[in-house]
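A.B. asks: Here's my sequence, what's the structure:
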Amino acid sequence: MSKSSLRSPKPFQNLVQREAQLVFDNLTIVKKNVYFARLKSENGLITRNHYMKCIYPMFFALFAATAPFAATVDLSTLTGNYTAQNGDVLTGSLQNKIKISIANDAKVTLSDATINSSNSKGCPWAGLTCLGNCTVVLKGSNTVKGFYDEFPGIQAAKNEGAGDEYTLVIEGNGSLDARSSGYGAGIGGGYSDNDAEFGKKNCGNIIIRGGIVTATGGSYAAGIGSGGRGTCGNITISGGEVTATGGPQAAGIGSGSSGVSAAITIRGGIVTAMGGSYAAGIGSGNGGTSGAITISGGEVEATAGKQAAGVGNGDQGKSGDIIITNDITKVMATKGIDAPYSINVGDEESASTITIGGVVMGPIAKSSFEFPAALVDVETAGSKTVAFINGNYNGEDALSLTEDASVDNVIFKRTFPAIDGENNYSTIMFPFEISANKVGNVKQVVSFLGIGIDSTNHKYVAVERVWCNEQSNTKCNYGTAKLEAYKPYLIQLESGKTSISINNTNPLVLKASPTDADAYDVAQDDDYSAYGDFVFRGVVQTKTWDATDPEIEGTAKAAAYGFAGSSATDISIGQFVKVGEGAYIKPFRAYIYKKPVPQSAPRAQSHALYQPAPVDDLPDEMEVIIVDREKDGSEQTTVIGQFNSRTGKIRLNRTTRTYDLKGRSVRGGNRMAKGVYLNK
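C.D. replies: A predicted model of the protein is given here:
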């Protein structure tokens, strides 16, 4: 029967379905008001044999008029298939066995929507099917479950042609619970062993930017990624709170059993991934393959099933390169029962590599590997021994190395303030000795000398340059300066840099922790007129100042100063401030401390310690000067900031300043007299 001779009940005449022009043939009317058809649409061939349970409501929906503009659609009112358009809002609970699709390039909101299907072979589709590129915005609480068990909860469209791969984007502030009815992924693709019956169920790219997303895969299918024997495009997570659980033999994020996923990238968010038996938490399923895995941000926890790695390989599976950068908040990889590695790549013939914090290493054997470490962790990685040092640690543990330990590599994880210009100074202390030129992203290193007094009786904070990365500067000790273990320094990072790298090619020795508290102090240098008893003090344990701490000015009249690590009222990151109650400093940093001075005391006390109010005796402002020992105090020319003794702040110079030969700053670049001027 041709389309022109098709007879329909009057209510269905002359109505057009949005998006697709359907072509009908071989229409048969059986009994009263029951229609079976062989239908061809843009979604593929729909056969009568598998549609007998779902064809009735679907047939009537084919003729339902739909508006060409965005709408709020209550799923409970639908009686037939619906294709959501750009701007549509889907809400309510779907009651019938009908197909919900999203048009190509459409952005659709799920707002307290429920698609909670029952498994039916007569309804071979996902809970939500993308027809191309699509964006799903989450609002409120949403549930999406696939219909027939070979399909996923949400199917990301696969471009089987020669064009760019389709991409599913999930964002918003709501929640989503996506899962399969049997063998499909929670989000991604379906089981592709029976392509002839229902077509391929591969998936394209998946991007998650926000929301609270829970994705649960069915048997052999990933939580996010491919189904069994299926393929999936790139998977990227940049925000939100994501929990992905793979079914038996499938990864939490990545490939299903004997499936394939492309690159996996995590740039942010809180991500928890759990693999099924014989599958990785993030990576490949049993006998499956995943592309490169890059974790460059966020907080990630990956737990594997039996005989699989937390990140990387499932049993008999393989993955591409694994890269974990210093920008992440935390990565924890836990291997499964009877598994040799918590992080592993490829197979015996693979050229894939593992790079953590910029260091290439072998597989990680530790049962549960955490990066960065709690404080310091020494691990065997393949044939190398690697020390992981967490410079961001703020717990209560102290570094306590009872003996020297030689390691092949050191990964030092610490985030520095991102400051452009020349005022990005920070304190640092290493538990090993290293050449300064082996520490990457550092512009110069200076050491504390004390509070100096120049020939005109002006006081200043004296520091001395021990190294800089200007190879042509003979006074920089380029390539020769050694940074001593447990000695605090002040380093200037290159403009805009937020991390350092340890680039030593030879083994380094972690030194046993000193037991003498003074071993972490750099005292005033005898070459300068000391004012009080100041030291530069390093810490190997988080230190918090409370109201009773003698280092708080106003109790024992001692005073401590340090660089602000976070902003507050009238204080910005990187400023040098007086320590107050509630302040704290993390390990491997340093602060300036003025000790109480021994004084004679009456009666039986031989030497009572007390501190005259130091703030009252110091000038309001002192310049912070990088001194040159060949010059006297009146001819110093390199001033890097000003220290306010009453507020404790150091204002570091943002721009290069010009000085005359007597060290006098030339304000605004004005030359007030004839002569030679220096620009440092």
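A.B. asks: what's the neighbour count on Ser284?
C.D. replies: 39 (other C-beta atoms under 10 Å). For every residue, glycine as well, the C-beta is placed using N, CA and C.
A.B. asks: State the pLDDT value of the residue found closest to it once you drop the neighbours it is linked to in the chain.
C.D. replies: The spatially closest residue to Ser284, leaving aside those adjacent along the chain, is Gly317, at 3.4 Å (C-beta to C-beta, 6 or more residues apart in numbering). Confidence at Gly317, expressed as pLDDT, is 93.
A.B. asks: tell me the contacts of Gly317?
C.D. replies: 255, 279-280, 283-290, 308 (C-beta atoms under 8 Å, 6 or more residues apart in numbering).
A.B. asks: so where is the stretch 251-400 of the chain shaky, pLDDT-wise?
C.D. replies: In the predicted model of the stretch 251-400 of the chain, residues 347-349 satisfy pLDDT under 70.
A.B. asks: need the helices for it, in chain order.
C.D. replies: In order along the chain, the stretch 251-400 of the chain carries no helices (DSSP state H, counting those that start in this stretch).
A.B. asks: Ok, the chain next?
C.D. replies: 55-61, 195-198, 614-617 (DSSP state H).
A.B. asks: among the ones you listed, which gets the worst mean confidence?
C.D. replies: The bottom spot among the helices of the chain, by mean pLDDT, belongs to helix 614-617, with a mean of 36.
A.B. asks: Against Ser141, how distant is Ala215?
C.D. replies: With distances taken as C-beta to C-beta, to the nearest Å, Ala215 is found 15 Å from Ser141.
A.B. asks: who's more crowded, those two?
C.D. replies: Ala215 (32 against 15).
A.B. asks: contacting residues for that one?
C.D. replies: When contacts are taken as C-beta under 8 Å, 6+ apart, Ala215 is in contact with 153, 178-179, 185-187, 223-224, 242-245.
A.B. asks: among these, which are in strands?
C.D. replies: Counting by DSSP state E, those place 178-179, 187, 224, 242-245 in strands.
A.B. asks: So which of those is the closest to Ile592?
C.D. replies: Using C-beta to C-beta, Val242 is the member of the ones in strands among the contacts of Ala215 that sits closest to Ile592, with 44.0 Å.
A.B. asks: what's the neighbour count on that closest one?
C.D. replies: 28.
A.B. asks: Surely it and Arg267 touch.
C.D. replies: No. The pair Val242 / Arg267 is not scored as a contact, 12.0 Å apart, by C-beta atoms under 8 Å.
A.B. asks: Can I have the buried ones of the contacts of Gly317 as a PyMOL selection?
C.D. replies: Under the burial definition 16 or more other C-beta atoms under 10 Å, those of those that qualify are selected in PyMOL by:
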select buried, resi 255+279+280+283+284+285+286+287+288+289+290+308
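A.B. asks: Pipe the contacts of Gly317 into JSON lines and attach distance to Gln444 per row.
C.D. replies: Compiled in JSON lines, these are given as follows (distance: C-beta to C-beta, whole Å):
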{"residue": "Ser255", "distance to Gln444": "48"}
{"residue": "Ala279", "distance to Gln444": "49"}
{"residue": "Ala280", "distance to Gln444": "44"}
{"residue": "Gly283", "distance to Gln444": "42"}
{"residue": "Ser284", "distance to Gln444": "46"}
{"residue": "Gly285", "distance to Gln444": "50"}
{"residue": "Asn286", "distance to Gln444": "53"}
{"residue": "Gly287", "distance to Gln444": "54"}
{"residue": "Gly288", "distance to Gln444": "50"}
{"residue": "Thr289", "distance to Gln444": "47"}
{"residue": "Ser290", "distance to Gln444": "43"}
{"residue": "Ala308", "distance to Gln444": "47"}
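A.B. asks: between the contacts of Ala215, which is nearest Gly259?
C.D. replies: Ala185 (9.2 Å).
A.B. asks: so what's the closest one up against?
C.D. replies: Per C-beta under 8 Å, 6+ apart, neighbours of Ala185: 152-153, 203, 215, 217-218, 221-227, 232, 250, 256.
A.B. asks: With Ala113 as the reference, measure out to it.
C.D. replies: On the measure of C-beta to C-beta, Ala185 and Ala113 end up 19 Å apart.
A.B. asks: Ok, Asp315 next?
C.D. replies: With C-beta to C-beta as the criterion, Asp315 and Ala113 are 37 Å apart.
A.B. asks: Count the neighbours of the residue lying closest to Asp74 once chain neighbours are set aside for me.
C.D. replies: Closest residue to Asp74 apart from its sequence neighbours, by C-beta to C-beta, 6+ apart: Gly92 at 4.1 Å. By other C-beta under 10 Å, 17 other residues sit near Gly92.
A.B. asks: Looks like Gly92 contacts Ser76 (just checking).
C.D. replies: Yes. In this structure Gly92 lies within contact range of Ser76 using C-beta under 8 Å: 4.3 Å.
A.B. asks: who touches Cys130 in this structure?
C.D. replies: Contacts for Cys130 (C-beta under 8 Å, 6+ apart) come out as 101-102, 154-157, 166, 168.
A.B. asks: residue boundaries of the strands in the stretch 401-550 of the chain?
C.D. replies: Under the criterion DSSP state E, counting those that start in this stretch, the stretch 401-550 of the chain contains strands at 405-407, 409-413, 425-428, 434-435, 439-440, 442-453, 459-468, 482-483, 489-493, 501-502, 508-510, 521-523, 534-539, 543-544.
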